[in-house]
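[1] Prediction below, plus the sequence it came from.
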Amino acid sequence: MIMKIKNIYTLFLFVAIQSAFSQDFAVKNQNKVMGTLNPSFYGFGDSSKAGAIYSTEGYNEGSKIETRFGFANHFFADNDFSLAFDVNSTKISQLGFSINEAKLHYIYNTRLSYEWTFNPSISVGYGNSRLDYSSLVFEDQINVLTGYIAEVSRDPVNIDNKINYLDVGAAAVVHNNRNLFFGLSIKHINRPETSFNSQASNKKDMLMSFQTGYEKDINQYGQSAFLPENSYLYLYNSFTKQGTKSRLDLYQELILGNISFGINEHFNKYDGFSVSQIGTSLSIFIEEIEVGANYSFDMGSKKTVGASYTSFELYLTFDFNPFKKNRRGNNSRFYDMQ
C-alpha cells in the first residue's frame, strides 16, 4: 500500500512540477546552465560552450524520473549573434511516460552602452511525448480478493500513445559588464496541442519567467588572508508562472578559486498543492571544464508517505574560449566582459 502511495505521489509531483509546467525541463542547477530556462543566456558573455546534465528524482523504491539534457552554443563574432541547440529527454519508466524535445535558438548581441548589453532571442523546437499503456494498471486488472494483477485490461483506451508538436518561444537578457543581469523568457507562444485524447484539447499555457543575477567580488585586490584571490558571492533568482502554476527558485553560490559551493531553495505551487525543496551543490573548475553535482530533497513528502522525495543531478560544461586557460583560477561569470 505504501509503495502504491509513493508511486501516486511521485506521479503527482511530476505533474505538479514538470508536466504542470507543460513538460518543461526544470534543472536544480539552474544557475549553472541558465539557458535551460532562458535561451538568451546562451549568448551571455559572447561565449561558446557545450554541456550535459543527468538527473534522477523520486524514492529509493518506486518510480524514478530520469532526465538527460545536452546543449551547445557558438558565438559568431563577425555577425554579433549566437546559435544554440539543446535536447531534452525525460521519462518515468515504471509509468510508461516519456518526453523528448529538441530546440534551436538564435540570440542577437547588441550594445546599449559601454557597460550594458542586450541579448534578445527566438526559439523553435520539436517535441514528442509518449505514453505506454502496458505500464499502467487499470481497475479491471486487479483481483481485490487475491491481489493478483492481470497482464491485460478489458477496458477500452481511447487515447493516442504519441504526440508530436512544434514549439515557439522568445526571450531577452540585459546585463552590464561587471556584476548584474536581468532576464525575461516566454515559452509556448503558439500554445501547442499536447493532449493524448484526440477528442479533448489540452493546449500548453504560455510560460513566463523572470530572472535576476548579481555577483560580488568578496576578496577584491586579494586583501583577505583567509580567502583565495578570486572569490565571489553569486546570487541568482528566478520566478516562473504558467496558468495556475508558479515556481520560485533561489540560489546562493560561493566561488572560491576553482571550487564552488552553493545552496538552493525551490518553492512550487500548483492548484493549491505546494512543494518546497532545498538543495546543496558542489563543483570544481579544471581550466575549460566545470563538473558538479546537486542534491536536493522535498521538505513535505516525508510527512505524506513516510519517506523523503529526493533528487540528484550531475552536470558537465566545457568552455571553448581560447583564453580560458589564462584566467588563473578566476571563474567570475563576468570575467570575459571586463
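    Here it is on my side, so go on.

[2] rest of the way, CA atoms for contacts and neighbours
    Fine.

[3] just checking, Gly45 is part of a helix?
    Yes - under DSSP: H, G, I helix; E, B strand; the rest coil, Gly45 falls within a helix.

[4] residues near it, how many?
    Neighbourhood size, Gly45 [other C-alpha atoms under 10 Å]: 20.

[5] Where does the prediction get shaky in the stretch 1-150 of the chain?
    1-25, 60-62, 95, 132-150 (pLDDT under 70).

[6] My guess is Gln211 contacts Phe182. True?
    Yes - counting by C-alpha atoms under 8 Å, Gln211 touches Phe182, with 5.7 Å between them.

[7] If you count contacts, what does the helix or strand hosting Val124 end up packed against?
    Counting by DSSP states H and E, the element that carries Val124 is strand 116-131. Judged by 3 or more C-alpha pairs under 8 Å, 6 or more residues apart in numbering; DSSP states H and E, the packing partners of strand 116-131 are strand 97-108, strand 110-111, strand 162-176.

[8] where do the helices sit along the chain?
    With helices called from DSSP state H, the chain shows them at 2-17, 301-305.

[9] What mean pLDDT does the last one get?
    Which is helix 301-305. Across helix 301-305, the average pLDDT comes to 53.

[10] same question, stretch 166-173
    Mean predicted confidence for stretch 166-173 is 96.

[11] That stretch: how far from the chain's middle?
    Mean-position distance between stretch 166-173 and its chain equals 15 Å (C-alpha atoms, centre = their mean, to the nearest Å).

[12] who touches it?
    Stretch 166-173 is contacted from outside by 38-41, 118-127, 181-192, using C-alpha atoms under 8 Å, 6 or more residues apart in numbering.

[13] Pull out the buried residues from those.
    Neighbour-count burial (16 or more other C-alpha atoms under 10 Å) applied to the contacts of stretch 166-173 gives 38-41, 118-125, 127, 181-188, 191-192.

[14] where does the stretch 201-338 of the chain dip in pLDDT?
    The low-confidence ranges in the stretch 201-338 of the chain, as defined by pLDDT under 70, are 300-307, 322-328, 338.

[15] Go again with 90.
    Within the stretch 201-338 of the chain, the stretches with pLDDT under 90 are 201-205, 220-226, 228-229, 242-245, 268-276, 287-288, 297-310, 320-338.
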